[in-house]
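Undergrad: what shape does this take:
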Amino acid sequence: MSNIYKLLIITLGFWSCSNEIKITAPWKETIVVYGLLDPAAPENYIRIQKAFLDPDGNAFQFVNMSDSIYPTNLEVKLYVRKNGFLIDTIFPQLIDGDLEGIKKDSGLFANSPNYLYKITDRIFESRLITGGFEDYEYELKVKNKSTGYECSSKTLSNGFLESLSPVSPGAKDITINDRTNSFLSVFYREGRNVKAYDMIIRFWYLETQKSDTNIKSTKSFDWVIFKNKPTKGLRGSEQQLFAVSGNIFYEILNATILPNPNISRKALYCDVEYYGVGEDLYTFVQVNQPSLGIIQKKPEYSNITNGLGIFSSRYITAMRKIPISNAMQGVLRGSTYTKDLNF
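TA: So this is what the prediction gives:
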């Protein structure tokens, strides 16, 4: 044993009148909340669990017990305010996600049942209007009716992103070229109270076995245009315009799909999706990114008063099943990157 550890043990002996060292603090009830409100979603869900610590044993023996994870006898309310004035109170419904096709990832903690609080009420989007704005604030209140414990959080809803290019709502088709110095134009107006955006273009295609044309499979891959791109501000309606080389799309196709003379492929359509996040969620993601420097300890971030977790907003703007243009179909067949892929 090193001299440093010997000195530590001796020092603790001088300052302690007991043979036991308590390494755990007194138990304190703590609720953990994870919830993101999306005005574009028909239903929203909030996960509410409890943090726990067994001072007399190994806490790991409880993590696979669902009644050790989920608090009971909760009162959950969502207060809705428009520009600061209370307009509604929502009472989320406790449901088992397993029964609604929402599976919790397997891991250290019990994953079934998967208790969630479901919101079917409309989530109003914040927006600019003529002569002003409409901001909708959602305040979550959670109370344990058995113990009196309470925690809370607030978030402003996010606003709608208006996509203008490469597609807009109701677009006829999409074209991505592979010519040198040919760029895909990305043009949109930001949503209100959105801090940052991710954008992807999901390309869908059909593979058919030449030996038996009844054997088909639909596949896709995601072209990530940008991630965590900050908005110009939280006001909304600010324009963003930039260009990305179309060659990148075809280079990714070349690296992702292997040539196979026994398979024919057909381009189907593209999904264009923007993922907007509220300010608190953006901060949460930034804080929890991997550390690249020498200092690995990261600060904890939570916006739950008297609890832990994150309660924030997002807005997923998705234009799905945009047809591939005839011009792009021709590029897929003739491009040096994809001519061997049998499109």
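Undergrad: next, work out how far apart the nearest residue to residue 96 once chain neighbours are set aside and residue 162 are.
TA: The shortest distance from residue 96 to any residue other than its chain neighbours is 4.6 Å, reached at residue 113 (C-beta to C-beta, 6 or more residues apart in numbering). For every residue, glycine as well, the C-beta is placed using N, CA and C. Counting by C-beta to C-beta, to the nearest Å, the gap between residue 113 and residue 162 amounts to 40 Å.
Undergrad: averaged pLDDT, the helix or strand harbouring residue 133. What do you get?
TA: In this structure, residue 133 sits in strand 132-134 according to DSSP states H and E. For strand 132-134, the per-residue pLDDT values average out at 97.
Undergrad: how distant is that strand from the center of its chain?
TA: The chain centroid and the centroid of strand 132-134 are separated by 27 Å under C-alpha atoms, centre = their mean, to the nearest Å.
Undergrad: that one pairs with which strands?
TA: Here the strand partners of strand 132-134, with direction, are listed using DSSP bridges: strand 127-129 (antiparallel).
Undergrad: you'd agree residue 224 is up against residue 198?
TA: Yes - contact between residue 224 and residue 198 holds when scored by C-beta atoms under 8 Å: they sit 7.5 Å apart.
Undergrad: neighbour count: those two, which is higher?
TA: Regarding residue 224 and residue 198, a neighbour count based on other C-beta atoms under 10 Å identifies residue 198 as having more, with 16 against 10.
Undergrad: give me the pLDDT for that one.
TA: 97.
Undergrad: just residue 14 next, same as before
TA: The predicted structure scores residue 14 at 30 on the pLDDT scale.
Undergrad: residue 99 too?
TA: Residue 99 is assigned a predicted lDDT (pLDDT) of 89.
Undergrad: coming back round to it: okay, buried residues for the strand holding residue 133 please.
TA: For strand 132-134, the buried set under the neighbour-count rule, 16 or more other C-beta atoms under 10 Å, is empty.
Undergrad: run through who's touching it.
TA: Applying C-beta atoms under 8 Å, 6 or more residues apart in numbering, the contact partners of strand 132-134 are 82-83, 124, 126-127, 192, 236.
Undergrad: same deal with stretch 279-295?
TA: So stretch 279-295 is contacted by 36, 155, 193, 195-196, 228, 234, 277, 297-301, 303, 310-314 (C-beta under 8 Å, 6+ apart).
Undergrad: that one: how far from the chain's middle?
TA: Centroid separation between stretch 279-295 and its chain, computed with C-alpha atoms, centre = their mean, is 14 Å.
Undergrad: how about it: buried residues?
TA: 279-285.
Undergrad: may I have that stretch exported as PDB, CA atoms only?
TA: Output of stretch 279-295 as PDB, limited to C-alpha atoms (Å, rounded to 0.1, in the frame of the first residue of the first chain):
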ATOM      1  CA  GLU A 279     -32.800  26.600 -26.100                       C
ATOM      2  CA  ASP A 280     -32.800  24.200 -23.100                       C
ATOM      3  CA  LEU A 281     -32.500  21.100 -25.200                       C
ATOM      4  CA  TYR A 282     -29.700  22.700 -27.200                       C
ATOM      5  CA  THR A 283     -27.800  23.400 -24.000                       C
ATOM      6  CA  PHE A 284     -28.400  19.900 -22.700                       C
ATOM      7  CA  VAL A 285     -27.000  18.400 -25.900                       C
ATOM      8  CA  GLN A 286     -24.000  20.700 -25.900                       C
ATOM      9  CA  VAL A 287     -23.200  19.900 -22.300                       C
ATOM     10  CA  ASN A 288     -23.400  16.200 -22.800                       C
ATOM     11  CA  GLN A 289     -21.200  16.000 -25.900                       C
ATOM     12  CA  PRO A 290     -18.000  13.900 -25.500                       C
ATOM     13  CA  SER A 291     -15.100  15.700 -23.900                       C
ATOM     14  CA  LEU A 292     -12.100  16.100 -26.300                       C
ATOM     15  CA  GLY A 293      -9.700  17.700 -23.800                       C
ATOM     16  CA  ILE A 294      -7.700  16.500 -20.800                       C
ATOM     17  CA  ILE A 295     -10.500  17.400 -18.400                       C
END
